[in-house]
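Student: Sequence plus the predicted model coming up.
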Amino acid sequence: MKERFFAVVNPTAGGGRCGSLAGPALARLREAGLGLDAIASAGPGHAVLLAQEAYAQGYRKFLAVGGDGTAHEILNGVYGSNSIAHGVKLGFLPLGTGNSFLRDFTQNGADAALQALLEGRTRACDLLRLKHASGELYSLNLLSLGFTADVAALTNRRFKPLGQFGYLLGVFLRLVQLRRRAFALRCDDDPDWDERRCLFLSFNNSKYTGGTMLIAPHADPSDGFIEMVRWGPIGRIGLLRTLPKLYDGSHIRHPLASRRSVRRIEFKIPVPVDVMVDGEVVTVECRSLEAVPGAVDVYI
């Protein structure tokens, strides 16, 4: 087993900011005595392959230099082909746009993550494992279906170069095209399928998404549970009035909202659907989702 860190740098994270900041940040770590090998990812999905190869070569300490998407690809590279992977540690140099996961622990971002690396301070955190018709995916932050995934899909596919304005444009267009659908599911030992229509379903390992949206204020990334947030079939006016409450967590007090902590979820969705996973969008036929307790040690 190699004691050095394997650092994956996403030079396009943070609107390209990561590409210029990564070098000095990694130099600080090396000067402090951390042994690390760094390589830049060349595009979407490349970090998955890099992490997969690094794990096979004996690396167990990984460093995500970028945003939540970089960490997501590293974990899927490690666990996607090694579901029994153990002894894995993940650190962050959060130089991306979202960096939602770290907000559960600190508001200090890069400084706190850097200090944890220097002190060797880790915390065991859960992962979420989604099994679908073609394989499985791992999530450190959250998965969602419905309106949130619809907005992310539209933004990523058409408006991503526009940054925050592109996201707002995606929200506006999805409001115009508002869809409230049923995603049949069954949690833990429930005898019946839940086939109620909803605006969105969010399955959370951590509290935040999109950097500052407090989508699941009761989530705990180390409790072995999935925090499920459901928002019922709210209308356009009601949604517009309530959207700001997603930023302080008070949206879950809406009469059409509910939350629940569960360990496993089965899906009965016969067609592929868009799923937002840690800020990225995949189109898959969902089968089940489960918490994998204490799967990864995070430097925090």
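Tutor: Here it is on my side, so go on. The structure presented is a predicted model; accordingly, all values stated were derived computationally and were not measured.
Student: helices and strands around the lowest-mean-pLDDT helix or strand in the chain, which ones?
Tutor: Lowest on mean pLDDT, DSSP states H and E among the helices and strands of the chain sits helix 164-176, with a mean of 83. The helices and strands touching helix 164-176, judged by 3 or more CB pairs under 8 Å, 6 or more residues apart in numbering; DSSP states H and E, are helix 147-154, helix 236-242. Glycine gets a C-beta too; all of them are placed from N, C-alpha and C.
Student: now the helices for this structure?
Tutor: Per DSSP state H, the chain carries helices over the ranges 17-31, 46-56, 68-79, 110-119, 147-154, 164-176, 236-242.
Student: Mean neighbour count, those: which tops it?
Tutor: Ranked by mean neighbour count, the helices of the chain are led by helix 68-79 with a mean of 27 (mean count of other CB atoms under 10 Å).
Student: ok now it, how far from the chain's centre?
Tutor: Put simply, helix 68-79 sits 9 Å off its chain's centre (CA atoms, centre = their mean, to the nearest Å).
Student: quick check: domain ranges of this protein?
Tutor: The record's domain split for the chain, according to automatic domain parsing, is 2-120, 142-294.
Student: got a list of what residue 75 touches?
Tutor: Residues near residue 75 by CB atoms under 8 Å, 6 or more residues apart in numbering: 51, 90, 127, 138, 140, 296.
Student: From residue 297, how far out is the third one?
Tutor: Right, the one you point to is residue 127. Separation of residue 127 from residue 297 (CB to CB, to the nearest Å) stands at 12 Å.
Student: between the two, who's got more neighbours?
Tutor: Neighbour totals were compared for residue 127 and residue 297, and residue 127 leads with 21 against 18 (other CB atoms under 10 Å).
Student: residues contacting the nearest residue to residue 146 once chain neighbours are set aside?
Tutor: Excluding its sequence neighbours, the residue lying closest to residue 146 (CB to CB, 6 or more residues apart in numbering) is residue 200, at 3.4 Å. Contact analysis of residue 200 by CB under 8 Å, 6+ apart lists 144, 145, 146, 147, 148, 149, 230, 231.
Student: try it again with 10 Å
Tutor: The neighbourhood of residue 200, defined by CB atoms under 10 Å, 6 or more residues apart in numbering, consists of 144-151, 180-181, 183, 215, 229-232, 234, 276.
Student: And it, how close does it get to residue 181?
Tutor: In this view, residue 200 and residue 181 are 10 Å apart by CB to CB.
Student: where does this protein dip in pLDDT?
Tutor: Residues of the chain that meet the criterion pLDDT under 70 lie in 1, 81-84, 97-98, 109, 163.
Student: Show me the common contact partners of residue 127 and residue 297, please.
Tutor: residue 88.
Student: Break down the stretch 201-300 of the chain into its strands, ranges please.
Tutor: Taking DSSP state E, counting those that start in this stretch as the criterion, the stretch 201-300 of the chain carries its strands at 208-209, 213-214, 226-231, 257-262, 264-267, 273-277, 280-284, 286-299.
Student: Can you tell me which of these is nearest to residue 11?
Tutor: Nearest to residue 11 among these is strand 280-284 (17.3 Å), distances taken as CB to CB.
Student: okay, the strands of the stretch 201-300 of the chain, which one's buried deepest?
Tutor: Greatest average neighbour count among the strands of the stretch 201-300 of the chain goes to strand 208-209 (a mean of 26), per mean count of other CB under 10 Å.
Student: Name the surrounding residues that touch that strand.
Tutor: Where contact means CB under 10 Å, 6+ apart, the residues beyond strand 208-209 that reach it are 68, 98-104, 141-142, 144, 148, 152, 202, 214-217, 219, 246-247, 249, 276, 278-279.
Student: Report back the residue of this protein that's furthest from centre.
Tutor: Computed with CA atoms, centre = their mean, the residue of the chain farthest from its C-alpha average is residue 31, at 30.8 Å.
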